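**Q** sequence and computational prediction follow.
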Amino acid sequence: MATRPVPVRTILATIGLVLATYGILELVVQARRVLIWAVIAVFLAVSLHPAVEALHRRVPRCRRSVATLLVFLAAAAAVGAVVALFVIPLAQEGSRFAGRLPTMIRDAQAGRGPVGSLLERMHALRYVHQHQAQIHAFATGLSTPALKFIRSAASTAAGALTIFVLAYLMVLEGPKAIDRSLSLVDEAPAARIRRVGAACARTVNGYLTGNLLISVICGLLTYVMLLVSGVPFAGLLALFVALTDLIPLVGATIGAVVASTVAFVHSLPAGIGAIVFFIVYQQAENHLLQPVILSRKGMSWRPPPPGSRGHVRTCPSSPDQPHVARWECLLTGTGVRGP
């Protein structure tokens, strides 16, 4: 049976689709930083939009542009205060660590101190003696070159400014763009889209603020525990634990493993105390902090299934608006329907 030749049009269309797909993927890869900034700006705009609406509605003769600017300036001041609150201890303890690093290396090479004792128990002193040059080069390279630091600081500042401007424009012009877009559809679907969008915005806002508050509580309690145990660099470790606690599912485990490892290097009782603390705190966070804080943020909460290490957050639902619950669960990433 003779085979029919493939039409030239089909071949050209296939080649065109492959090239277009490759071009789109390459564009996404090259613009990934800008796309990440845009996603962060969307979450920031959703979080600050209720405050802008409240200020614009309650303050007479306050234009929306002025209300948006005031709310964003207040948010920037709050972020700056939090950064200063953490960066100052971070710089102090980082400088102290850099000053103690040569002594720690000499003690480790001689088998003294907590690191030296650990290396001696693990029979790793031979490796330290055989690789003294590499260890010294690593210690010397910990100080970041000025040019690299300036470049990183400039990139961070540009990213922060871009996110700030994008979020500001989204909050300022977003309602107008939404109204113009919804004017193209019928009234009933437009009203339904508005209800779903408002519910999704409330859920995202509640999730972000609630998760941030829980991470702050986790960092503060970890700092107190490490400070009482005498573990060095308690501020750095508490900051790391607070930041990793923002990561869903595995973040709390990563922070607990790192902090407990450093506590074990310091001393055996401190390590055991850190493990006990994180086990107790994880249970308290799953069964006390999560229900209380997230329920006040307008979200319902379901305990994690047995054997899981993460948190399963569900969404509010109502009998007359089941689509709201479905969309909210999709946006929060749980994939679990509310009751």
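**A** Arrived safely. Numbering: from 1, shown residues only.

**Q** so where is this protein shaky, pLDDT-wise?
**A** Of all residues in the chain, those with pLDDT under 70 make up the ranges 1-2, 85-86, 89-95, 97-102, 104-149, 296-339.

**Q** which parts of it are helices?
**A** With DSSP state H as the definition, the chain shows helices at residue ranges 8-30, 32-58, 64-110, 113-121, 125-130, 132-140, 146-182, 187-229, 234-244, 251-266, 268-284, 290-296, 322-332.

**Q** which elements pack onto the second one?
**A** Spelled out, it's helix 32-58. Secondary-structure packing of helix 32-58 (3 or more C-beta pairs under 8 Å, 6 or more residues apart in numbering; DSSP states H and E): helix 64-110, helix 146-182, helix 187-229. Bear in mind the C-beta positions are built from the backbone N, C-alpha and C, glycine included.

**Q** of all the ones you listed, which lies closest to Thr261?
**A** Nearest of the helices and strands packed on helix 32-58 to Thr261, taken as C-beta to C-beta: helix 187-229 at 12.4 Å.

**Q** give me the nearest residue to Ala76, chain neighbours excluded.
**A** Phe164 (7.0 Å; C-beta to C-beta, 6 or more residues apart in numbering).

**Q** touching, the one you found and Val71? I think so.
**A** No: distance between Phe164 and Val71: 11.9 Å, which falls outside the contact criterion (C-beta atoms under 8 Å).

**Q** who has more neighbours out of these two?
**A** Between Phe164 and Val71, counted using other C-beta atoms under 10 Å, the more crowded position is Val71 (21 against 17).

**Q** residues touching the more buried one, list them.
**A** Contacts for Val71 (C-beta atoms under 8 Å, 6 or more residues apart in numbering) come out as Leu48, Ala51, Val52, Leu55, Val171.

**Q** by neighbour count, which of the residues you listed wins?
**A** Within these, Val171 tops the neighbour count with 26 neighbours, counted by other C-beta under 10 Å.

**Q** surely that residue meets Pro50?
**A** No: using C-beta under 8 Å, Val171 makes no contact with Pro50, being 10.2 Å away.

**Q** shared neighbours, those two?
**A** Counting by C-beta under 8 Å, 6+ apart, Val171 and Pro50 have no shared contacts at all.

**Q** quick one: buried residues of stretch 283-290?
**A** Glu285, Asn286, Leu289, Gln290 (16 or more other C-beta atoms under 10 Å).

**Q** quick one on the thing from earlier: most tightly surrounded among the helices of the chain?
**A** Most buried of those, by mean neighbour count (mean count of other C-beta atoms under 10 Å): helix 234-244, with a mean of 22.

**Q** coming back round to it: I'd like to know how far the residue nearest to Ala76 sits from Ala191.
**A** The spacing between Phe164 and Ala191, counted by C-beta to C-beta, to the nearest Å, is 33 Å.

**Q** ditto for Leu220
**A** With distances taken as C-beta to C-beta, Leu220 is found 44 Å from Ala191.

**Q** circling back to that earlier point, tell me the one among the contacts of Val71 nearest to Asp179.
**A** After measuring those against Asp179 - C-beta to C-beta - the closest member comes out as Val171, at 14.4 Å.

**Q** tell me the contacts of that closest one?
**A** Val171 is in contact with Ala45, Leu48, His49, Val52, Thr68, Val71, Phe72, counting by C-beta under 8 Å, 6+ apart.

**Q** got it, and Gly174?
**A** Here Gly174 is in contact with Ala45, His49 (C-beta under 8 Å, 6+ apart).

**Q** circling back to that earlier point, quick one: closest of the helices and strands packed on helix 32-58 to Val39.
**A** Closest approach to Val39 among these is made by helix 146-182 (9.6 Å; C-beta to C-beta).

**Q** can you give me the end-to-end span of stretch 278-295?
**A** With C-alpha to C-alpha, to the nearest Å applied, stretch 278-295 spans 23 Å between its terminal residues.
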